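1. structure for this input, please:
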Amino acid sequence: MSTAGGTTLLRDPARPVDIATILAEVDDLPSIPETLIRILKVLDDPASGPADLTRVVRMDAPVMAKVLRLANSPYYSSRGDLADINRCVAVLGYRTVRQVAICITVATSLINAVEKAGGQLDYRELWRHSVITGAIAKHLARMSGYPDPEEAFTAGLLHDMGKFVLEIYAPQGYARLVADRQRRGCTLHVLEQEQFGFDHAALGAAFAEAWRFPPVLVRAFAEHHAEMIGRARARHEQAAALVALADYLANTFEPPRSDLGFDPTLVDAARLHEVAGIPVELVAADREAMSDAVEKAGAFLQL
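-> Next up, the predicted model:
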């Protein structure tokens with residue numbers, strides 16, 4: 001990690017820091033994984049298809065092994081016989097396997113980097129919360145008729161990517177900020193804005209953009225804490241609304257076992273339901289199915 005006079009820039013309150021600085025200086029976080037570059041190129045090419053995706057995944061044995069393990073988990077299939085990536089794509093579908101591969105490559109990079117950073121934030125619990133949010137976002141997407149539930153899963157799973165990056169860039173300082181949130185009784189993203197001039201949502205979106213993620217995901221990461229009024233209309237607004245509601249529900253249905261900086265009492269839950277277009281009563285009635293989806297998504301905890 002780059003330093004100035006032996007001190008990480010974000011830990012020096014006298015020195016201004018912007019997102020571009022962090023993008024340039026987080027050496028502990030690998031540049032975009034080569035496999036992800038190839039997957040996103042497949043995504044960008046309208047002439048590409050399942051054969052192109054399987055070719056990319058086959059080139060990365062660890063990623064392929066994880067894709068196959070997840071494909072055979074209860075979350076995606078109870079068959080247990082998907083031993084080949086071609087069959088995996090044929091059974092689960094091109095879009096599902098593509099989104100799983102994206103999640104695996106990004107999550108592996110983030111988790112490995114945070115593990116080395118030596119921070120105080122419970123990154124394993126943060127990842128558990130991310131998985132739960134992704135599972136709920138996908139479930140809500142199906143309830144609301146969102147056109148790509150797997151896209152909603154990816155948006156939910158990676159919505160707190162900026163927290164992982166801050167934990168890599170300034171682990172001690174970020175832990176203090178999380179603790180300070182309790183004392184001051186305000187939301188973490190407000191304190192992040194005060195301290196850094198940006199929050200984890202904006203930082204996660206900046207990394208996603210630098211890693212050439214699809215614009216709908218970049219916008220969903222950026223806006224999942226934004227104040228939205230009325231029913232979300234545009235696709236990126238719908239994705240952000242689903243993630244925001246899923247984030248809240250993940251913190252109430254399955255509360256984190258340690259402080260991750262989120263206080264559901266400071267959230268206008270009624271507004272989140274309104275913007276997502278999913279009534280509170282509908283979510284309450286579907287709680288058992290949602291809990292089942294969360295339990296099955298536990299396969300993602302073993303990346």
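
2. residues near residue 258, how many?
-> Neighbourhood size, residue 258 [other CB atoms under 10 Å]: 13. In short, each C-beta sits where N, CA and C put it, glycine included.

3. go on, residue 288?
-> Neighbours around residue 288, by other CB under 10 Å: 8.

4. what about the residue nearest to residue 160 when sequence neighbours are not counted, how many neighbours?
-> Distances taken as CB to CB, 6 or more residues apart in numbering place residue 130 nearest to residue 160, at 5.7 Å, with adjacent residues excluded. Counted with other CB under 10 Å, the neighbours of residue 130 add up to 27.

5. do I have it right that residue 130 meets residue 157?
-> Yes - Residue 130 is within contact range of residue 157, at 5.4 Å (criterion: CB atoms under 8 Å).

6. joint contacts of those two?
-> Counting by CB atoms under 8 Å, 6 or more residues apart in numbering, the residues touching both residue 130 and residue 157 are residue 107.

7. so residue 217 makes contact with residue 152?
-> No - in this structure, residue 217 is not within contact of residue 152 by CB under 8 Å, at 9.9 Å.

8. so for the two, which residue has more residues nearby?
-> Between residue 217 and residue 152, counting by other CB under 10 Å, residue 152 is the more crowded of the two (29 against 25).

9. surely that one and residue 146 touch.
-> Yes - using CB under 8 Å, residue 152 makes contact with residue 146 at a distance of 5.6 Å.

10. tell me the mean pLDDT over the one helix or strand residue 181 maps to?
-> Here residue 181 sits within helix 171-184, counting by DSSP states H and E. Averaged across helix 171-184, pLDDT comes to 85.

11. same question for the next helix or strand after it: list its buried residues.
-> Using DSSP H and E, the helix or strand that follows helix 171-184 in sequence is helix 188-196. For helix 188-196, the neighbour count (16 or more other CB atoms under 10 Å) marks 188-189, 191-192, 195-196 as buried.

12. kindly report the same for stretch 75-84.
-> In stretch 75-84, counting by 16+ other CB under 10 Å, buried: 75-77, 82.

13. how far does that stretch sit from its chain's centre?
-> Averaged C-alpha coordinates place stretch 75-84 at 24 Å from its chain's average position (CA atoms, centre = their mean, to the nearest Å).

14. residue 197: neighbour count?
-> Residue 197: 12 surrounding residues under other CB under 10 Å.

15. kindly report the same for residue 297.
-> When neighbours are defined as other CB under 10 Å, residue 297 has 25 of them.

16. show me the shaky parts of the stretch 51-200 of the chain.
-> Within the stretch 51-200 of the chain, not a single segment meets pLDDT under 70.

17. okay, and the common contacts of residue 152 and residue 146?
-> 140, 239, 242.

18. quick one: contacts for the second one?
-> In this case it means residue 239. Counted by CB under 8 Å, 6+ apart, residue 239 has contacts 146, 151-152, 155, 216-217, 219-220.

19. give me that answer again for 7 Å
-> 151-152, 155, 216, 220 (CB atoms under 7 Å, 6 or more residues apart in numbering).

20. please indicate which of those are buried?
-> Buried subset of the contacts of residue 239 (neighbour count, 16+ other CB under 10 Å): 151-152, 155, 216, 220.
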